[in-house]
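Enquirer: I would like the atomic coordinates for the input below:
(4 chains)
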Protein chains: 2
Amino acid sequence: MSDKREQLQAIATQAIQKDGVRSVSFRTLADAVGVKSASVHYHFPTKSDLTHAVVSAYTATFVARLEALERKHRTLSGKLNAFTRIFDEVLADDDLCLCGMMAAELTSLDAATQHALKKFFDEAEAWLERTIDVHADELTAPLPGKHLAKVLMSGLEGAVLLDRVAGGDNRLRAMRALVKAVLA
Amino acid sequence: MSDKREQLQAIATQAIQKDGVRSVSFRTLADAVGVKSASVHYHFPTKSDLTHAVVSAYTATFVARLEALERKHRTLSGKLNAFTRIFDEVLADDDLCLCGMMAAELTSLDAATQHALKKFFDEAEAWLERTIDVHADELTAPLPGKHLAKVLMSGLEGAVLLDRVAGGDNRLRAMRALVKAVLA
DNA sequence: GTCTATATACAGATAGAC
DNA sequence: GTCTATCTGTATATAGAC
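Expert: Next up is the predicted model:
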């Protein structure tokens, strides 16, 4: 069954968001689903296979969520607040964004996973830029959409990273204040 | 000699900024300075001793740099640009901020190192907030200094993290544009 | 698909000689 | 302060039985 494969992938994703790729082993993963480590290698021959699958799936889910969010909200305010809320949920579980975590571990990732990681950030920022540009009339920011998109993405990734250290959500709240400040 | 200790600490700092705490071993560290791993344990009995020393020294250097920067520049514009330049230098070496990297590895750090890490971010943001508030007349941002300080720190940490994945410095440039945009 | 068993490598840490 | 030697644990990965 590829049910096991998906189960392993889900558990790996959670563990990486909390502790990083390096702390996820074939053994801990096997224990979590009640098999032996050799069985995990059946589903994911190497660790690179696992990290690549995890990043790709995370990106697909993230993009799907942005598309849903796009349909649900009509204003820029609504869309940006919903975007920010994704990071609130991540932090609430004391996690990092999967890709923010793996960005820190960049040098230990294989080329394919690194490429998939770059794609995640590019797609997120492309969505933000598109969204901002469509609603340019709602903006007061003296900042091009291209720049604002990158500021928001970097800021949110950094905010979750720093807030997890400090406890609480002071940085994320500052980011919400920024979003509010750039809206008309 | 504590010359060796400082040498080990410097090499550990560089290695952590590039690859993270987990990739720095007593063996690789020993090889880099031409001793055996047991000798590294003489200077830093446990890995926690090493990480704590590294974060504390990094924070002290960072704060000293902020104080120097404070004396050198008179305008908010000058001070914030100089602050941003610190992150440019980090990225230019394909490194992360030591504390940004270790923030990702939070769950694997001992309590003392975690506390020292929190202190780094608090001190950096406190400096920013103080600096912004002193020059409130140079600001156009409809954002309190407390929030702007956190946005800048989160944004810069995130920008270096994401830019290293992508290559180039697009996110850091967007942050520079933000700084320019909030100045009168 | 999952298992046992194993190969190989490397991690942090310590004992005790020099 | 540094060394050799070693303990113990864990990592990724593979071979081959079931």
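Enquirer: residues touching A:Val90, list them.
Expert: By Cβ atoms under 8 Å, 6 or more residues apart in numbering or on different chains, A:Val90 lies in contact with A:17, A:96-97, A:160. Every C-beta, even on glycine, is put in place using the N, C-alpha and C of the backbone.
Enquirer: quick one: which of these is nearest to DNA strand C?
Expert: A:Leu96 (22.0 Å; Cβ to the nearest atom of the strand).
Enquirer: The closest one belongs to a strand?
Expert: No. Using DSSP: H, G, I helix; E, B strand; the rest coil, the secondary structure at A:Leu96 is coil, not a strand.
Enquirer: which ones are touching it?
Expert: Counting by Cβ under 8 Å, 6+ apart, the residues that A:Leu96 touches are A:17-18, A:90, A:160-161, A:164, B:104.
Enquirer: how does it look with 6 Å?
Expert: Applying Cβ atoms under 6 Å, 6 or more residues apart in numbering or on different chains to A:Leu96 gives the contacts A:17, A:160.
Enquirer: Give me the contact status of the longest helix along chain A with DNA strand D.
Expert: When chain A is parsed with DSSP state H, its longest helix is helix A:47-72. Yes. Contact of helix A:47-72 with DNA strand D (Cβ under 7 Å from any atom of the strand) involves A:47-48.
Enquirer: What residues of that helix count as buried?
Expert: A:47, A:50-59, A:62-63, A:66, A:69 (16 or more other Cβ atoms under 10 Å in any protein chain shown).
Enquirer: Then stretch A:71-79?
Expert: Here stretch A:71-79 shows A:73, A:76, A:79 as buried, counting by 16+ other Cβ under 10 Å.
Enquirer: With adjacent residues omitted, what lies nearest to the first one?
Expert: Take A:His73 and drop its neighbours on the chain: the residue closest to it by Cβ to Cβ, 6 or more residues apart in numbering or on different chains is A:Lys79, 4.7 Å away.
Enquirer: okay but that neighbour is in contact with A:Ala68, surely?
Expert: No. If you go by Cβ atoms under 6 Å, A:Lys79 and A:Ala68 don't touch, sitting 11.2 Å apart.
Enquirer: residues from chain A in reach of chain B?
Expert: Counting by Cβ under 6 Å from any Cβ of the partner chain, the residues of chain A close to chain B are A:19, A:22, A:101, A:103-104, A:106-107, A:117-118, A:121, A:142-143, A:147, A:150-151, A:154-155, A:157-159, A:161-162, A:165-166, A:171, A:174, A:177-178, A:181.
Enquirer: If any of those are buried, put those into a PyMOL selection.
Expert: Buried residues among the residues of chain A next to chain B (16+ other Cβ under 10 Å), as a PyMOL selection:
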select buried, chain A and resi 19+22+101+103+104+106+117+118+121+143+147+150+151+154+155+157+158+159+161+162+165+166+171+174+177+178+181
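Enquirer: how far is stretch A:149-166 from where the chain is centred?
Expert: Centroid separation for stretch A:149-166 versus its chain: 11 Å, with Cα atoms, centre = their mean, to the nearest Å.
Enquirer: who touches that stretch?
Expert: A:87, A:90-91, A:96-97, A:100, A:124-125, A:128-129, A:169, A:171-172, A:175, B:103, B:106, B:117-118, B:121, B:151, B:154-155, B:157-159, B:162, B:171, B:174, B:178.
Enquirer: Kindly identify which of the residues you listed also come near DNA strand D.
Expert: Residues of the contacts of stretch A:149-166 in contact with DNA strand D (Cβ under 7 Å from any atom of the strand): none.
Enquirer: Which one of the residues in chain A is closest to chain B?
Expert: A:Gly158 (3.0 Å; Cβ to the nearest Cβ).
Enquirer: ok, and that residue, which helix or strand is that part of?
Expert: According to DSSP states H and E, A:Gly158 maps onto helix A:145-166.
Enquirer: that older thread, so what pLDDT did the closest residue to the residue of chain A closest to chain B other than its chain neighbours get?
Expert: Nearest residue to A:Gly158 in three dimensions, chain neighbours excluded: B:Gly158, at 3.0 Å (Cβ to Cβ, 6+ apart). As predicted, B:Gly158 sits at a pLDDT of 99.
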